[in-house]
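Colleague: Fold the following.
(4 chains)
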Protein chains: 4
Amino acid sequence: MARIVEVPEYEVQDGVRVDPSRTALIIGDMQNDFVTESGTLVVPGAEETIPAIRNLLEQARESGMRVIFIQDTHNDGDPEWEIWGEHCREGCWGWQVVDGLAPSEDEATIRKPRYDAFYGTGLEHMLRLWDVDTLIICSTVANICVHYTASSAAMRWFNVIVPRDCISSFNDFDMEASLSQTATLLGEVTSSENIHIGVPETEEIYMSKLEEAATRERGGS
Amino acid sequence: MARIVEVPEYEVQDGVRVDPSRTALIIGDMQNDFVTESGTLVVPGAEETIPAIRNLLEQARESGMRVIFIQDTHNDGDPEWEIWGEHCREGCWGWQVVDGLAPSEDEATIRKPRYDAFYGTGLEHMLRLWDVDTLIICSTVANICVHYTASSAAMRWFNVIVPRDCISSFNDFDMEASLSQTATLLGEVTSSENIHIGVPETEEIYMSKLEEAATRERGGS
Amino acid sequence: MARIVEVPEYEVQDGVRVDPSRTALIIGDMQNDFVTESGTLVVPGAEETIPAIRNLLEQARESGMRVIFIQDTHNDGDPEWEIWGEHCREGCWGWQVVDGLAPSEDEATIRKPRYDAFYGTGLEHMLRLWDVDTLIICSTVANICVHYTASSAAMRWFNVIVPRDCISSFNDFDMEASLSQTATLLGEVTSSENIHIGVPETEEIYMSKLEEAATRERGGS
Amino acid sequence: MARIVEVPEYEVQDGVRVDPSRTALIIGDMQNDFVTESGTLVVPGAEETIPAIRNLLEQARESGMRVIFIQDTHNDGDPEWEIWGEHCREGCWGWQVVDGLAPSEDEATIRKPRYDAFYGTGLEHMLRLWDVDTLIICSTVANICVHYTASSAAMRWFNVIVPRDCISSFNDFDMEASLSQTATLLGEVTSSENIHIGVPETEEIYMSKLEEAATRERGGS
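Modeller: Okay, here's the model as predicted:
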């Protein structure tokens, strides 16, 4: 009696170019409890996303692009543990970012209390401080941390780029729901090898709806 | 070549009881441009949700439950018009709440700049002021205004109740994505006739994860 | 037995230049209840600030600078009325902006529930949308709406400019407290005739701490 | 040529009673850089507030009252260092809470990027989670961290209590400005020995403007 639905077509970009001085790579919830075999709440496929994320991480580091690590963070009495069981207890092994993606000492880490990395954190402040307008979101779970972080970013008109080989989910429906919403409403879906970092003189840089509007406005006034 | 996916099973509640003194009925984006035939961005099925929403509205008014009308609100230069075309221009007919659900003079109306009714508005302030902890969300579009308002409410641990006959969407996938996320992550999915307003002495009132946790905590300290 | 204190010296700028394409003029709480003789909560000196504010308003309109009117907005049951008595009831005469500063039809107006114009409103969203980084704040009361709006702006690293002839207060101490905090912690204090709108080619534009830092960072990386 | 002003009279409460299950003790910015002799930005008088704060801390721990430690937190490139010089570098000695007030392992600590402890942090989320409605703020500097945290709390209608022997400032004017604003606009000023923790059966508990309004509203509807 399983119900099935048709997935509406959505666009997957075959090339997205970003300016490293205006972009941040967000690596979210890639913590042992979600990713490593003995974690308490392992997401299928999360471990397999590590190489693609690491590849982007290395490119970001080389190009001087900002990197922000997000850590889901809970303590005793947190009602999330009623729903999901204990996970990501502050300071413990399960809370740490997986070895394969460990932050360097001078990279930013942010602790978040809920699914959305903008909620109850200094993420927006940090992005404004750095004059970042574009986020590449690599995270798990596709329809939870990825999705609600992407949607909060899009509400604020940040450009959102989600490489689908850098996210993971509990089932296909949740993955499609996240990608479809992102591609249709929030930003761009692509794959990690199609993200090009750097600004060649002869190519057009990605311009957001917001920048287009601002450009038009200024030209007109 | 249409892709299909299986919808994971999610729970649809066959009875949800709410305390009218702690609950607000949110009627969102039921504006002419989204709902009425000659609107600029009509959502299929939105008009058919009016009777079920009106029924809840009448029960809310009778019981003294708070009602908040949300109006999507845009002006010249808004980048949303790049995406969706012009809609909900502040003050115009298309921006007004449909006749069948018109707010009375003493009911709260909130203007929102983006999909999420919490973002850039006084909604949370109003809910805290009124000591409301539960939201019944009747709105369109299921996977946009409904979903991002529900998710922002859930981040803050408000109880979220979405009656599925009071929301509408552009296609089945979007509806299922919204309901599945809500039932699994954010709150309760039910139908409008299964929402019972009032607190009979012999029945247990709905208690949120947050309240359960708070109750346990206090008992323990 | 009146206590007196020495006011620490603070800087009053004798010339501040702003780029009209990056600046917004904030006219806050200049509503009948606070300003006009028969209002319910008249601030001494508020009415006398109208000409200086109008002068800036006219310059802003001529130069294409953004203008945002803020309206303190309350309804029945608002606890602010316990403290201040009834004032600024939504939609009423006392809530309207004074005639001398009436917004034109295409100028933005924002309703705020509390002292701080950033709190529970779409102000930040609007400023980001418009790529504004500098605020000129003309408002009343100096140590309430002016101060808490200026501080919220400064937390977000907006440049804050307060022309002291465009603000008013209940007593000298409150005025000095507001100006001293602004000049020392939040931004620039000046007078309206010392604000120069426009960007001459040969002059340096005001650069915020944030921009200085961003410039240095980029140069260094 | 020093200017002097008269301080308007404000109320200093000679007795404030709080319910430990609804109150949080906020210990803010009591970090080595602000408090300890060899810190980089020592506030005169901050060290002398330690015994009074410790006394409240001990009472809070005994009564089961929540305690939240706030740590001002900066890293390279932060524009605050342009204004104040380097201070509170994340993880360093100057960033740590002073020994005399060290948090125990299970007490909450929050890192804040700016003066206001609500801005860019999970403080509000934490307070809502714990059903706290009253804050006792012990912090430095009186007119900076204390004041902007108190004002953000008051915007949200939290009850604010500031014991004046638990705060410190660079000069008398700043102290009076902070206390005057707090007593007049934001909450209650008292001294630490006049804060009574616990709820005797025969005494009335402190009821906020918000609660009064809510009580009235419910009675009336």
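
Colleague: Which secondary structure element of chain A has the lowest mean pLDDT?
Modeller: For chain A, the helix or strand with the lowest mean confidence is helix A:209-220, at a mean of 59 (criterion: mean pLDDT, DSSP states H and E).

Colleague: Let me see the mean pLDDT of the lengthiest helix in chain A.
Modeller: The longest helix of chain A (DSSP state H) is helix A:50-63. Averaged across helix A:50-63, the pLDDT comes to 98.

Colleague: helices and strands around that helix, which ones?
Modeller: strand A:23-28, strand A:66-72, strand A:134-140, strand A:195-197 (3 or more Cβ pairs under 8 Å, 6 or more residues apart in numbering or on different chains; DSSP states H and E). For glycine as for every other residue, the C-beta is placed from the backbone atoms N, C-alpha and C.

Colleague: out of these, nearest to chain B?
Modeller: strand A:66-72 (12.8 Å; Cβ to the nearest Cβ).

Colleague: near chain B at all, the very next helix or strand once past the closest one?
Modeller: Per DSSP states H and E, strand A:66-72 leads on to helix A:80-84 as the next helix or strand towards the C-terminus. Yes. Residues of helix A:80-84 contacting chain B under Cβ under 8 Å from any Cβ of the partner chain: A:Glu82, A:Ile83.

Colleague: Sort out which residues of the longest helix of chain A are buried, please.
Modeller: Using 16 or more other Cβ atoms under 10 Å in any protein chain shown as the test for burial, helix A:50-63 gives A:Ile50, A:Ala52, A:Ile53, A:Arg54, A:Asn55, A:Leu56, A:Leu57, A:Gln59, A:Ala60, A:Ser63.

Colleague: partners of the residue positioned nearest the centre of chain A in the sheet?
Modeller: The centre of chain A sits closest to A:Ile137, judged by Cα atoms, centre = their mean, with a distance of 2.0 Å. On the basis of DSSP bridges, A:Ile137 is bridged to A:Ile26.

Colleague: does A:Trp95 really touch A:Asn75, like I thought?
Modeller: No. With contact defined as Cβ atoms under 8 Å, A:Trp95 does not count as touching A:Asn75 (10.2 Å).

Colleague: any idea how far A:Glu90 is from D:Leu57?
Modeller: A:Glu90 sits 21 Å away from D:Leu57, going by Cβ to Cβ, to the nearest Å.

Colleague: I should have written A:Ile195 there, sorry.
Modeller: 50 Å.

Colleague: in the strand or helix carrying A:Ala153, what counts as buried?
Modeller: If you go by DSSP H and E, A:Ala153 is part of helix A:147-155. Within helix A:147-155, the residues scored as buried using 16+ other Cβ under 10 Å are A:His147, A:Tyr148, A:Thr149, A:Ala150, A:Ser151, A:Ser152, A:Ala153, A:Ala154, A:Met155.

Colleague: Repeat that for stretch A:168-183.
Modeller: A:168-171, A:173-183.

Colleague: residues touching the residue nearest to A:Cys166 when sequence neighbours are not counted, list them.
Modeller: Spatial nearest neighbour of A:Cys166, excluding adjacent residues (Cβ to Cβ, 6 or more residues apart in numbering or on different chains): A:Cys138 at 3.7 Å. Contact analysis of A:Cys138 by Cβ atoms under 8 Å, 6 or more residues apart in numbering or on different chains lists A:25-28, A:30, A:49, A:52-53, A:56, A:163, A:166-167, A:192.

Colleague: mind redoing it with 10 Å?
Modeller: The neighbours of A:Cys138, taking Cβ atoms under 10 Å, 6 or more residues apart in numbering or on different chains as the test, are A:25-30, A:49-50, A:52-54, A:56-57, A:101, A:146, A:161-163, A:165-167, A:192.

Colleague: Check A:Asn32 too.
Modeller: A:38-40, A:42, A:87-88, A:92-99.

Colleague: Kindly recompute the last result at 8 Å.
Modeller: Here A:Asn32 is in contact with A:Ser38, A:Gly39, A:Trp93, A:Gly94, A:Trp95, A:Gln96, A:Val97, A:Val98 (Cβ under 8 Å, 6+ apart).

Colleague: likewise A:Thr190?
Modeller: A:Val12, A:Gln13, A:Asp14, A:Gly15, A:Val16, A:Ile161, A:Val162, A:Pro163, A:Arg164.

Colleague: Select from those the one having the most neighbours.
Modeller: A:Val162 (28 neighbours; other Cβ atoms under 10 Å in any protein chain shown).

Colleague: how much does the longest helix of chain A deviate in direction from strand A:66-72?
Modeller: 140 degrees (axes from the mean of the first three to the mean of the last three Cα atoms, to 10 degrees).

Colleague: quick revisit: distance-wise, check the residue nearest to A:Cys166 relative to A:Glu193.
Modeller: Distance from A:Cys138 to A:Glu193, by Cβ to Cβ: 13 Å.

Colleague: where do the contact lists of those two overlap?
Modeller: Joint contacts of A:Cys138 and A:Glu193 (Cβ under 8 Å, 6+ apart) do not exist.

Colleague: got the end-to-end distance for stretch A:122-133?
Modeller: 15 Å (Cα to Cα, to the nearest Å).

Colleague: make that stretch A:71-87, sorry
Modeller: From its first residue to its last, stretch A:71-87 covers 11 Å (Cα to Cα).

Colleague: where does chain A have low pLDDT?
Modeller: Counting by pLDDT under 70, chain A contains low-confidence ranges at A:1, A:200-221.

Colleague: From the buried residues of stretch A:168-183, which land in helices?
Modeller: A:Phe173, A:Asp174, A:Met175, A:Glu176, A:Ala177, A:Ser178, A:Leu179, A:Ser180, A:Gln181.

Colleague: how close does the third one get to A:Val16?
Modeller: A:Met175 sits at a distance of 19 Å from A:Val16 (criterion: Cβ to Cβ).

Colleague: what do you get for the second one?
Modeller: Using Cβ to Cβ, one obtains 23 Å as the distance from A:Asp174 to A:Val16.

Colleague: ok, now the last one?
Modeller: According to Cβ to Cβ, A:Gln181 and A:Val16 sit 18 Å apart.

Colleague: again with the fifth one
Modeller: Remark: distance between A:Ala177 and A:Val16 (Cβ to Cβ) = 21 Å.
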